[in-house]
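Visitor: Quick one, structure for this:
(chains A and B)
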There are 2 protein chains.
Amino acid sequence: MEGRKLRRSLVLSISISLFLLLTWLHLPSSPENFIKKPGPTHHESDVPHHPLDPLTVHEFNKVRAILATHPLFESSSTYSLNAIALEEPDKELVLKWKRGDPLLPRKASVTAMVKGKSHILLVDLNTSEVSYNELGSTSGYPILTIEETARILEVPFKNVEFNSTIAQRGINMGDVKCVPLSSGWYNMPIENKRRVIKVQCFSMKDSVNFYMKPIEGLTVLIDIDREEVLHIFDNGRGIPVAKGIDTDYRYSVQKLRGELHLFNPISMEQPKGPSFIVEDGHLVKWANWEFHLKADARAGIIISQAKVRDPDTSEMRSVMYKGFTSELFVPYMDPTDAWYFKTYMDAGEYGFGLQAMPLDPLNDCPRNAYYMDAVFAAADATPYLRPNIICVFETYAGDIAWRHAETPFNNFKVTEVRPKVNLVVRMAASVGNYDYIVDWEFQTDGLIRSKVGLSGMLMVKGTIYDHMNQVPSEEYLYGPLLSENLIGVIHDHYIIYYLDLDIDGTDNSFTKVNIKKH
Amino acid sequence: MEGRKLRRSLVLSISISLFLLLTWLHLPSSPENFIKKPGPTHHESDVPHHPLDPLTVHEFNKVRAILATHPLFESSSTYSLNAIALEEPDKELVLKWKRGDPLLPRKASVTAMVKGKSHILLVDLNTSEVSYNELGSTSGYPILTIEETARILEVPFKNVEFNSTIAQRGINMGDVKCVPLSSGWYNMPIENKRRVIKVQCFSMKDSVNFYMKPIEGLTVLIDIDREEVLHIFDNGRGIPVAKGIDTDYRYSVQKLRGELHLFNPISMEQPKGPSFIVEDGHLVKWANWEFHLKADARAGIIISQAKVRDPDTSEMRSVMYKGFTSELFVPYMDPTDAWYFKTYMDAGEYGFGLQAMPLDPLNDCPRNAYYMDAVFAAADATPYLRPNIICVFETYAGDIAWRHAETPFNNFKVTEVRPKVNLVVRMAASVGNYDYIVDWEFQTDGLIRSKVGLSGMLMVKGTIYDHMNQVPSEEYLYGPLLSENLIGVIHDHYIIYYLDLDIDGTDNSFTKVNIKKH
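Guide: Down below sits the predicted model:
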C-alpha cells in the first residue's frame, strides 16, 4: 500500500516554543549594504491565478462598489466592514481545479456592522449578487477594525473624570498611553444593547516600554459605536507607577547604556541564491514540497494544498489541504477587578494577520528571504497594503541531515555528508505587548513543523510592593513579584490550529491533545 | 542570593536527537573555492599552556622514551600502550591555577598490555618517575589499539576453514570485508587466559555499503595477542547475502542514478568573521561564555571549566567543571548465536575520539568554523595527528532571540529584533556503521545543550525472507523486515554523560534520569 508507506514517513509535529526574553542579548542593526531589498510593493494590477489566492486590490474595490449601492448600507449613515476575505470555493472544486483551468467563481465574505447589528454577507464578484444574514445586536460581535481602535483610544482623553484621576495620580497627561483590551459583555446594566470595550492605560515617562509602567486599577469602559465613556473603574490609586528603570529595550538606548555584547553580523550565505521559487505570487515550490501560501487578516499565514513528491514515483502526493493558527486564547489567572476579564482571543478579537507588522530584513528573516505582502481592507473596503508581512527562506543551522565516514583500513576511504536544509515560512504578529513568531517549517523527509515563538514583553500588574514595602509571606498576588511594583500575573497561551490533513487523499483524520506547561 | 539567581537562569538540557537516514536528500559537494582551509596541522612545537591541555607531541615522545627503559617493558619483546592521556591535576589545584601561574606538574596516565596482562601506569613527565598497578589477565582488558584492529582483520583470511566457508557460500574472497566486533569473554574453554574478539564479515560486491550485505551467521573468534583463529561459528549458510540494490550512498553514485534533488550551496555568512576566539589552542571565548576544549582519545570532546559572565557584575561565574560523553552503550535485543554478544560500549571498547574522523568542511561544519586537531598516540606512544577532529562555529538558523514591534498609532513606531546566535562545538565519530554527531551548544542565556545525533547505517541482520519467501506471521525476527533478506534488529543507544557541574562553586549535585524511546 503506497498510502500507508507515505503515512508512516510523514510525521507532523506541532511544537510550541516559548522564547526567553533576553534583555542583555543583542545584535547590531545591520549596516545599510547588508540589506536585501524586499519584494515589490505595487499590487494594483494583481490578478488571482489560483482559486485560493486572496482578494486583490481590484476585487476589494469591487466589493466596496457593490456594497455602496446595496440597500442594507444605503439607508445607514455609518457602517463598518469589520472583515472582508475571500470566500474559498468548496474543497471538492479546488481539488479538481488544475493550473490552466478557468478560475473558479470569486466570492467575498464580509462581516459588517450596520446600526449596531452584525451581518454576514456573501458578495459574488462575478454576478455582483449579495446575500446576507443578520446576527443581531447582543452577540456575534465582529473583530475590531483599526479605525475603531484608533477612535476608541481618543475617547478617555476627552473625559473629565479620566483627566481628573490621571492628574490626581500625579501623572502627566502627555505621558499617558492607552490600550484597547477586551470588547465583550461585563454584566452591567449600562451595557444594554451597546458594543463596549475596556481600555487601560500606561505611562510612557522615561521609557518606550510603557507595558512596564501600568496605571494599575484604572479601567475605562467605552461604547465603541458612540465613542463615549460609560464608566470608569477608578481603583488602585495607592499603587505607584513602576519606575521602569533600564526597561527601554531599544538598541539605540541600550547601546548608550553600554549594555550590549555585540556579535559580528551573521546570516545565510547562498552564492547561487535560494533553491525555492514562488509562482504566481502564492505557489511555493522547494525541494520535494509544493504549497499555496497567503496572508489572511484573521489567521495570519494560511498554508493550502501542501504536497510532497514521492521519491519512488516522482508524483506529487497530497499532505495537507489547509493549515493555519485559528485562534490564540490567552487567559489570565487573576480574579480581581482590573484583571478578571483578560481572556484574550488574539485572532478573533484583533486579527492575527492585522497585527502582523512588516518583518525586519536580516533580523526577522535571514538574507535571501522572499517577502510576501498582504492586501487587507479598511472599514469601508478600501484596500491597503501591509508590506513584507510574511517571509519565506531556506534555513541551515550548520546541522547535518545524514553522514557516514568509514574508518580507513586498507585504503578504503569514504566520507559522505549531507547538510540539513529546511524551508521556513514566517510571520511575526505583535498583539499588544506580545510578539508571536509563527513558523511553518518544511523538511525534505516529509515533516511539517509548526512553531509559535513568544516574544515581546510580559503584561505586568502594578503593586504596592517594592524594596521598602516587602511582600508579606501570606500574600497571594496571582503571580510572582518580578521587580519593584510589578507582578507577572500567571496566564496561559493556548495556540489553536486548524489542520485539514489530506495525506494521500481526503479520507484522513487527525487528533492530538498534548498541553504542556512552560 | 546571587547564586540562586544564576542557578534559576541556567538550564542544562540534554537532548538526544536521532536523525533519519534520508537517501534521497542531498547537497552538492561544495566547489573548491567555497572551502575554507581548516587550521594548522603542525603540532611538533606545541607546548601546554593550561593544566588541562592534552599531552603534546613532545610529551608523548617523552612518555615513549621513559617507558622504553622501564624494567616492565625492557624484558618484554612485545607490549602495547593501549591508552595514553593526560592525568589531569586535582580539581582543587586546577581551580586555584590562574593564567600566568607556573604550569602544574604534567603527568601521563598509560594503560599497557605486557605479556597478556593489563597495567595502569602513571608517568611523571617532570621527574620521569613511573608507578604502576598490574590488573591481571582475566579482566581489565584495555581499549583496542588501531594496530591490533588492523592485525585482527587480516587473521580470518589466512584461515583455511574461513576461506572454505566463504567459497562454499559463493562469495568472492576479494569482496569480503571483516569488522571487529566485541572483545570479551564468551564462556568457552578455548578462551582460557586469552584476550579474544569476535569478527564478522560482509560482502562489498556492487556497493561500498557493505553493512547492507552481511554474511549472516558467520562469526570468527580470534586471539587478539597471538593473531590466530580459535573458532569459527559457521551458521546461516542458507541465508543469502542481500543484493544491496541502490544502497550505495555516495554522492557520485546517486548522482549518476539521477536520484539527487540538488540544493544551491548554503552556509553561514559572516562578513566580519566569527565572534569567538580560541586562546592558546584550547580556551574558547564567545559572547558571555568561556571554556576549555580538547579532544580525547576515549571521550571525544571534553569541555572543562565552562564559565558565563554575570550580566550585572560582569564577573565570570563557574557553571561546569567538566563535561563529556563518558560511554555509549548499544545493546541489541537478539538472543541468537551471532547477535547475543552485540552489547557495544563504543567509548570504552573503541574510543569515541579515536573513531572520530576529520570533519568535512562546509558539510560537517559551516563556513567560518574553527577546526581543532587532536594528537593521539600509537601503541608504542609515537604521537600522530588526527586533523580537524573538532569544529567550533557560530550558528544562526534564521531564528529570532527576541523581538517587539509596536502597532503604530499616533506615529509611535518601534521595531526591535535580535537574531538568535549560538556557539556549537562538534565532533563526528564513526563507530563502524553508526556516525554519532556530538554537539555542545552554548546559548547566551546561559543554557548548555548537549546533543548526540545518530547517523550512518543500521546494523542489519541477514534473513531468508524476501519477496518470494514471505515472513510467516508467527515468526519472531527480533526486529522488522526492512527489505529483502534484511532485518533491522531492535536495539538501544544509551548515551552516558560525565557532568561535573559547578554552578557558582563546587557545592552542586546534578541528577537526571529521563530515558526516551525513539
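Visitor: which residues of the stretch 51-200 of chain A fall in strands?
Guide: For the stretch 51-200 of chain A, the strands defined by DSSP state E, counting those that start in this stretch cover A:79-86, A:107-114, A:117-124, A:130-136, A:176-184, A:196-203.
Visitor: again, but for the stretch 201-350 of chain A
Guide: Counting by DSSP E, counting those that start in this stretch, one finds strands in the stretch 201-350 of chain A at the ranges A:214-223, A:228-234, A:267-269, A:276-279, A:283-286, A:289-296, A:300-309, A:316-331, A:343-345.
Visitor: Quick one: work out the angle between the first one and strand A:176-184.
Guide: Compare the direction of strand A:214-223 with that of strand A:176-184 by axes from the mean of the first three to the mean of the last three C-alpha atoms, to 10 degrees and you get 50 degrees.
Visitor: returning to that earlier point: quick one: which of the strands of the stretch 201-350 of chain A is nearest residue A:60?
Guide: In terms of C-beta to C-beta, the element of the strands of the stretch 201-350 of chain A nearest to residue A:60 is strand A:289-296, at 13.8 Å. Just so you know, the C-beta spots here come from the backbone N, C-alpha and C atoms, and that holds for glycine as well.
Visitor: Contacts for that closest one, please.
Guide: The contact list for strand A:289-296 (C-beta atoms under 8 Å, 6 or more residues apart in numbering or on different chains) reads A:50, A:52-54, A:85, A:278, A:282-284, A:301-309, A:316, A:320, A:324, A:353, A:356, A:372-374, A:386, A:389-390, A:392, A:423, A:425, A:427, A:442, A:444.
Visitor: For residue A:48, see how far away the spatially closest residue to residue A:93 that is not a sequence neighbour is.
Guide: Counting by C-beta to C-beta, 6 or more residues apart in numbering or on different chains, residue A:104 is the residue found nearest to residue A:93 once chain neighbours are left out, at 5.6 Å. Noted for residue A:104: a distance of 10 Å to residue A:48, by C-beta to C-beta, to the nearest Å.
Visitor: now do residue A:383
Guide: According to C-beta to C-beta, residue A:383 stands 14 Å off from residue A:48.
Visitor: anything in contact with each of those two?
Guide: Counting by C-beta under 8 Å, 6+ apart, the shared contacts of residue A:383 and residue A:48 are residue A:56.
Visitor: how about the residues of the stretch 101-250 of chain A that lie near chain B?
Guide: Within the stretch 101-250 of chain A, the positions adjacent to chain B are A:149, A:150, A:153, A:177, A:208, A:249, A:250 by C-beta under 8 Å from any C-beta of the partner chain.
Visitor: ok, back up a step: redo the strands of the stretch 201-350 of chain A as JSON lines? Include mean pLDDT and mean neighbour count.
Guide: Shown next, in JSON lines, are the strands of the stretch 201-350 of chain A (pLDDT from 0 to 100; neighbours: other C-beta atoms under 10 Å in any protein chain shown):
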{"stretch": "strand A:214-223", "mean pLDDT": "97", "mean neighbour count": "24"}
{"stretch": "strand A:228-234", "mean pLDDT": "97", "mean neighbour count": "16"}
{"stretch": "strand A:267-269", "mean pLDDT": "92", "mean neighbour count": "23"}
{"stretch": "strand A:276-279", "mean pLDDT": "95", "mean neighbour count": "14"}
{"stretch": "strand A:283-286", "mean pLDDT": "96", "mean neighbour count": "19"}
{"stretch": "strand A:289-296", "mean pLDDT": "98", "mean neighbour count": "21"}
{"stretch": "strand A:300-309", "mean pLDDT": "97", "mean neighbour count": "23"}
{"stretch": "strand A:316-331", "mean pLDDT": "96", "mean neighbour count": "20"}
{"stretch": "strand A:343-345", "mean pLDDT": "93", "mean neighbour count": "18"}
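Visitor: and those strands as TSV, adding distance to residue A:118?
Guide: Listed next are the strands of the stretch 201-350 of chain A as TSV, based on distance: least, C-beta to C-beta, whole Å:
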stretch	distance to residue A:118
strand A:214-223	16
strand A:228-234	20
strand A:267-269	46
strand A:276-279	36
strand A:283-286	35
strand A:289-296	20
strand A:300-309	23
strand A:316-331	18
strand A:343-345	16
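Visitor: Can I have the buried ones of the residues of the stretch 101-250 of chain A next to chain B as a PyMOL selection?
Guide: Entered in PyMOL, the line below selects the buried ones among these, by 16 or more other C-beta atoms under 10 Å in any protein chain shown:
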select buried, chain A and resi 149+153+177+208+249
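Visitor: and chain B, which of the contacts of strand A:289-296 contact it?
Guide: Taking C-beta under 8 Å from any C-beta as the test, chain B is in contact with residue A:444 out of the contacts of strand A:289-296.
Visitor: Just the closest residue of the stretch 401-518 of chain A to chain B, please.
Guide: Of all residues in the stretch 401-518 of chain A, residue A:417 sits closest to chain B, at 3.7 Å by C-beta to the nearest C-beta.
Visitor: Neighbours of that residue, how many?
Guide: 24 (other C-beta atoms under 10 Å in any protein chain shown).
Visitor: Helix or strand next in line after the helix or strand where it lies, which one?
Guide: For residue A:417, the element it lies in under DSSP states H and E is strand A:415-419. Per DSSP H and E, the first helix or strand lying C-terminal to strand A:415-419 is strand A:422-431.
Visitor: which strands and helices sit next to that following strand?
Guide: When contacts are defined as 3 or more C-beta pairs under 8 Å, 6 or more residues apart in numbering or on different chains; DSSP states H and E, strand A:422-431 sits against strand A:283-286, strand A:289-296, strand A:300-309, strand A:383-395, strand A:434-442, strand B:400-405.
Visitor: CA atoms only for it, dumped as PDB, please.
Guide: Coordinates of each C-alpha in strand A:422-431 appear next as PDB, following Å, rounded to 0.1, in the frame of the first residue of the first chain:
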ATOM      1  CA  ASN A 422      14.800  23.300   5.700                       C
ATOM      2  CA  LEU A 423      12.300  25.800   4.300                       C
ATOM      3  CA  VAL A 424      10.600  28.200   6.700                       C
ATOM      4  CA  VAL A 425       7.500  30.400   6.300                       C
ATOM      5  CA  ARG A 426       7.400  33.100   8.900                       C
ATOM      6  CA  MET A 427       5.100  35.800  10.200                       C
ATOM      7  CA  ALA A 428       5.600  37.900  13.400                       C
ATOM      8  CA  ALA A 429       2.300  39.300  14.900                       C
ATOM      9  CA  SER A 430       2.600  42.000  17.600                       C
ATOM     10  CA  VAL A 431      -0.600  41.600  19.600                       C
END
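Visitor: ok so, going back, residue B:265: which of the strands of the stretch 201-350 of chain A is closest?
Guide: strand A:267-269 (8.0 Å).
Visitor: Thanks a lot, catch you later.
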